[in-house]
Every structure is written in C-alpha cells, then in structure tokens.
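Peer 1: Below are the sequence and a predicted model; questions follow.
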Amino acid sequence: MVIVTGDPIRVQMAGPAIRVWNMAEQLSDICDVRIVSWKRIDRQPARFSVHFVAESDDRAMAEHERWADVLVVQGMSFRIFPSVRKTDKLVVADLYDPFQLEQLEQNKYEPAEAWTDEVRKAVSLLNEQLVRGDFFLCASERQRDLWLGNLSALGRLNPQTYSQDPTFTDLIDIAPFGLSAEPPQQTRHAIKGTVEGIGVDDTVLLWGGGIYNWFDPVSLVEAMGFLADDHPYIKLFFLSSTHFNADVPEMQAIADTVTASERLGLTGRTVFFNERWVDYDDRINYLLDADIGVSTHLVHAETRFSFRTRILDYLWASLPVVASDGDSFAELIRDAGAGRIVAPGDPRALADAIVDLLHTPGARETARSGVAQLRDRLTWAQTLAPLLAYCADPKPAADRELMASSGRSISGSRFEQILMMPRGRRRDLALLGYYLRRGGVDLVREKLDERRGRLQRDADS
C-alpha cells in the first residue's frame with residue numbers, strides 16, 4: 001500500500017498529513033504501508049515507512065508505484081506524478097476535503113481571472129480522480145451526496161456499478177477524520193499561567209487551528225468585545241495565526257481578525273494570537289489548558305460540505321463546543337448535546353451562548369457527557385473501517401473496463417493541460433507562452449516573483 005500526499009510529514013502537521021499518518025497506522029495491521037510525500041519529511045514512524053520524492057522525480061515515484069498493489073491518493077497526486085496518474089494498480093481517492101469549494105473562499109480576494117483559474121484547476125484535478133478511481137472515501141453523508149452527483153455526471157453511476165451495489169457503497173463510502181483512542185495526557189501548561197495575560201484561573205476559549213477565509217473568526221472576536229468588561233476572565237486563544245507550510249498563503253481572514261481585535265482593544269487583554277504553528281504532539285498541552293472549543297463560520301458552499309477536523313481535537317480533549325450552525329458537525333453537536341450551536345454571523349448570540357455554557361448550573365457537565373458519546377464513535381479505527389475493509393479485499397471498480405474502453409478523460413483547459421505535462425523545460429516554455437498570451441510581460445514577471453517567493457519560503461521552512 002502506498003499513500004501519496006503533498007503535505008509535509010513533520011513534527012508540525014496539517015489535516016492531510018495527519019489523516020495519511022493515521023491511515024498508515026491503521027493499515028499497518030493488515031498490510032505493508034509506505035507514505036510518499038513530495039514535501040519535507042522529518043518524522044519517522046515505527047510501523048510503516050515514509051519516503052520523500054521530489055516533484056520532478058517521477059522515476060523515483062514509479063518505483064513506489066510498482067511496489068504497491070493499492071495507491072491512496074490525495075489532492076494533486078495525479079498532476080505531480082504521471083506514474084500515479086497512469087497506474088494500472090488499484091486507486092483509492094481520498095475526497096474528505098472538497099477543496100474546489102475551499103478555492104471559492106480562499107481565492108476570492110484574487111483578481112477574477114486568477115480566482116477562476118484556481119477553481120477550474122481544482123475541479124479538473126478532482127474530476128481526474130473521479131473518472132479513474134476504483135474506490136472513494138469522503139467524510140460525511142452530505143459529502144457523499146456531493147460526490148455521488150459528481151460521479152453521476154461523469155458516468156460512474158452506470159449499470160456495472162449499480163449491478164454490483166445499488167447503493168454504490170462499494171464505490172464510495174464514508175470515512176471521516178478521526179481521533180485517537182488513547183486518552184490525552186498533559187505534560188505542561190501551554191496557555192494558563194504561561195501565556196502573558198492569561199492566568200491559571202482564567203477561562204480559556206480555544207480556536208484550535210489556522211485562521212482561513214472560510215471561517216468567521218471576526219464574529220467571535222466581536223463576541224469577546226461584548227464579554228470583555230463583565231467577564232474579563234474569559235480569554236480567547238487562537239492556536240495558530242500563521243501556517244507552517246509555505247504553500248498555504250496567508251489569508252485575508254487573519255488580517256481581518258487581528259484588525260477587529262485591535263479595534264476593540266482586546267489584543268493581549270482578552271484575545272491572544274499564537275504566532276507559530278503548534279507541533280502535532282504538543283497540541284494536547286494547549287487543548288487540556290482550555291475550557292471550551294470554538295469554531296465559527298459563515299454559511300456558504302464550503303460550510304455545507306465541510307467536516308471541521310479541529311472539532312475532533314476538542315472532542316478528544318473532552319471540551320464542550322460552541323460553534324456556528326450550518327455544517328455537519330453542528331448537527332452532531334446539537335443532537336448529542338455536546339455544547340451550543342449559534343446562528344452564523346451573530347456575535348451577541350455567541351457571547352450569550354458562551355456565558356450560558358459557562359454559568360448555567362450543570363451545563364458543562366451535560367455537554368461533556370455529549371462530547372463523550374461523540375468521542376467514542378469517532379476513533380480512527382472506526383472512521384477508517386471502510387478503507388481497512390477495502391484494503392483487506394481490494395478489487396477494481398465494477399466499471400473499470402467500461403471507463404477505460406470509453407476513452408473518457410478530463411483534458412480541462414489549456415492551463416490545466418499544461419499543468420498535467422511532466423515538469424521540465426517543455427512545461428516551463430508552455431507556461432511562459434500561456435502567461436504571455438494572457439497578460440503579457442507583466443503577468444510573466446508576477447508569476448516569476450510568486451515562484452521565487454515560494455522557493456524562498458520552502459528554503460526558510
């Protein structure tokens with residue numbers, strides 16, 4: 001089994017790397033596993049192996065492809081490595097992150113053409129996987145409906161796949177992000193009595209991850225404005241205000257959140273920003289120094305189909321949750337009584353919910369009981385059961401020969417076709433010509449500056 005990812009495998013890890021790491025841990029019980037990443041690796045496991053392959057080195061990737069019986073792919077794997085895209089091995093496409101919807105938010109501040117290009121590229125990347133995959137994973141019932149619609153549009157819901165399984169579960173199943181079955185253990189106080197301005201007896205609300213454009217941290221900061229005078233002991237701590245991965249751009253939401261906190265005079269008083277990304281194994285020391293986990297967003301397409309991975313850390317640490325309505329986790333939290341769910345974009349309602357959870361007798365205890373119910377259902381062994389079942393008895397998709405004989409492929413726009421080319425001089429010249437036609441010399445200079453910036457950030461990291 002080879003799991004291909006474009007995320008760094010380091011002491012600091014984001015969602016995709018955390019997910020493949022735990023996939024490998026679970027799969028190691030039934031098969032030999034390699035994780036292959038085209039980003040930095042400085043973390044070595046005991047039960048499986050981790051390998052770095054440079055983006056331009058498809059020959060090295062081909063060795064891993066030949067070794068494998070099954071390939072699990074994420075993100076841009078097909079575009080980076082032709083040997084993965086052209087493989088005749090079994091392919092599992094991990095679609096837990098509908099990143100085409102993230103691009104609608106992430107790039108909405110970019111010029112219209114760049115925004116359109118990024119979304120189109122994401123759709124093309126995903127369509128390649130949807131056409132080729134033998135088995136698909138997603139994170140929720142909502143996501144499964146989304147991907148079934150995509151698969152139907154691409155001809156994958158056909159007599160062959162229907163005859164094999166009229167529910168299409170043999171084609172796409174639900175494997176959410178999970179959490180550790182091991183109880184968390186704190187080794188130090190990372191927030192209370194450690195962060196200047198937060199005392200050992202203060203109440204800490206934890207924003208447990210990055211600040212991205214698809215969230216609404218500004219409403220949460222404005223809620224803290226309502227609480228600051230009457231409840232000065234309530235402190236909001238943002239775990240990571242910058243991302244360790246140079247490929248993840250700093251987003252407008254960060255600037256907007258800091259500006260709101262400064263405008264209200266809350267920074268360093270009741271609102272605090274951690275300037276560095278917390279090491280994966282050290283995050284528990286922050287979680288266990290918190291009293292409530294918070295996650296707020298507005299309602300848009302990304303919200304509807306998201307599965308907020310940070311909330312799983314809250315559940316692992318037995319934290320009651322205050323979150324916005326509209327996503328899959330809101331339904332789970334409400335049904336289990338694991339916290340408070342608030343209408344999106346309503347700072348006053350957020351403030352009231354926080355006070356209610358903190359000061360209503362028995363409220364936190366009741367919420368923790370609901371958290372425990374959810375936690376027991378969402379361990380990695382349970383969430384990844386569909387992947388383990390498939391890998392224990394892997395088989396090609398029922399329509400694999402049909403799709404191959406139909407010649408169905410996703411060629412995409414000229415820009416997407418260029419990105420599919422092997423890295424090298426021919427691809428560089430094609431990109432140069434594309435940018436010259438689209439925006440002339442100025443656009444070429446802009447793209448060269450972007451590339452130099454990425455290379456510098458990679459070197460710095």
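Peer 2: Cool, the structure landed. A quick note: this is a predicted structure, and the numbers were derived from the prediction, not measured.

Peer 1: Report the secondary structure state of E105.
Peer 2: Here E105 is helix, with the state taken from DSSP: H, G, I helix; E, B strand; the rest coil.

Peer 1: where does it land on pLDDT?
Peer 2: The per-residue pLDDT reported for E105 equals 80.

Peer 1: how far away is it from S28?
Peer 2: To S28, E105 is 36 Å away according to C-beta to C-beta, to the nearest Å. C-beta here means a position set from N, CA and C on the backbone, and glycine is covered the same way.

Peer 1: which SS class is the residue with the largest distance to the centre of the chain?
Peer 2: Within the chain, D230 marks the point farthest from the mean C-alpha position, 36.4 Å out by C-alpha atoms, centre = their mean. Per three-state DSSP, the secondary structure class of D230 is coil.

Peer 1: same deal with the one 10 residues further on?
Peer 2: Following three-state DSSP, S240 is assigned to coil.

Peer 1: What count of nearby residues applies to it?
Peer 2: The local packing of S240 (other C-beta atoms under 10 Å) involves 22 other residues.

Peer 1: Contact partners for it?
Peer 2: Contacts for S240 (C-beta atoms under 8 Å, 6 or more residues apart in numbering) come out as 209-211, 274, 276-278.

Peer 1: would you list these in TSV and tack on neighbour count, distance to L387 and secondary structure?
Peer 2: Formatted as TSV, the contacts of S240 follow (neighbours: other C-beta atoms under 10 Å; distance: C-beta to C-beta, whole Å; DSSP: H, G, I helix; E, B strand; the rest coil):
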residue	neighbour count	distance to L387	secondary structure
G209	22	24	coil
G210	23	26	coil
I211	24	30	coil
N274	17	33	coil
R276	11	32	coil
W277	21	27	coil
V278	20	27	coil
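
Peer 1: Just put these in JSON lines and tack on distance to I35.
Peer 2: Compiled in JSON lines, the contacts of S240 are given as follows (distance: C-beta to C-beta, whole Å):
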{"residue": "G209", "distance to I35": "22"}
{"residue": "G210", "distance to I35": "22"}
{"residue": "I211", "distance to I35": "28"}
{"residue": "N274", "distance to I35": "28"}
{"residue": "R276", "distance to I35": "25"}
{"residue": "W277", "distance to I35": "20"}
{"residue": "V278", "distance to I35": "22"}
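
Peer 1: from the residues you listed, which is closest to T360?
Peer 2: Of all these, G209 has the smallest distance to T360: 27.4 Å, by C-beta to C-beta.

Peer 1: So the closest residue to the closest one other than its chain neighbours, which state does it fall into?
Peer 2: Leaving aside its chain neighbours, G209 sits nearest to R310 (4.1 Å; criterion: C-beta to C-beta, 6 or more residues apart in numbering). Of the three states, R310 takes helix under three-state DSSP.

Peer 1: doesn't V294 make contact with R310?
Peer 2: No. If you go by C-beta atoms under 8 Å, R310 and V294 don't touch, sitting 9.5 Å apart.

Peer 1: More neighbours: which of those two?
Peer 2: With neighbours defined as other C-beta under 10 Å, R310 and V294 compare such that V294 has more, 28 against 23.

Peer 1: what's the next secondary structure element after the helix or strand hosting the more buried one?
Peer 2: Element membership of V294 [criterion: DSSP states H and E] is strand 292-295. Per DSSP H and E, strand 292-295 leads on to helix 301-305 as the next helix or strand towards the C-terminus.

Peer 1: What is that following helix packed up against?
Peer 2: When contacts are defined as 3 or more C-beta pairs under 8 Å, 6 or more residues apart in numbering; DSSP states H and E, helix 301-305 sits against helix 99-106, helix 141-153.

Peer 1: any residues touching it, and which ones?
Peer 2: If you take C-beta under 8 Å, 6+ apart as the criterion, helix 301-305 is touched by 98, 101-102, 104-105, 140, 142-143, 146, 214, 297, 324, 326-327, 344.

Peer 1: How far off centre is stretch 7-22?
Peer 2: Relative to its chain's centre, stretch 7-22 lies at 10 Å (C-alpha atoms, centre = their mean, to the nearest Å).

Peer 1: for that stretch, which positions count as buried?
Peer 2: Along stretch 7-22, these residues count as buried under the neighbour rule (16 or more other C-beta atoms under 10 Å): 7-10, 12-22.

Peer 1: Grab the nearest non-local neighbour of F237.
Peer 2: Closest to F237 by C-beta to C-beta, 6+ apart is F272, at 4.9 Å.

Peer 1: in which helix or strand would I find that neighbour?
Peer 2: Element membership for F272 (DSSP H and E) is strand 271-273.

Peer 1: What's the end-to-end length of stretch 349-369?
Peer 2: The first and last residues of stretch 349-369 sit 23 Å apart, counting by C-alpha to C-alpha, to the nearest Å.

Peer 1: can you count the residues close to the closest residue to F215 other than its chain neighbours?
Peer 2: Distance criterion C-beta to C-beta, 6+ apart; nearest residue to F215, sequence neighbours excluded, is H297 at 5.0 Å. Residues lying near H297 (other C-beta under 10 Å) number 24.

Peer 1: same thing with the one 3 residues further on?
Peer 2: H300 has 15 neighbouring residues, counting by other C-beta under 10 Å.

Peer 1: so what's it closest to, chain neighbours aside?
Peer 2: E105 (6.8 Å).

Peer 1: how near is that neighbour to L350?
Peer 2: 20 Å.

Peer 1: per-domain residue ranges of this structure.
Peer 2: Using automatic domain parsing, the domain ranges for the chain come out as 2-178+386-409, 203-378, 424-461.
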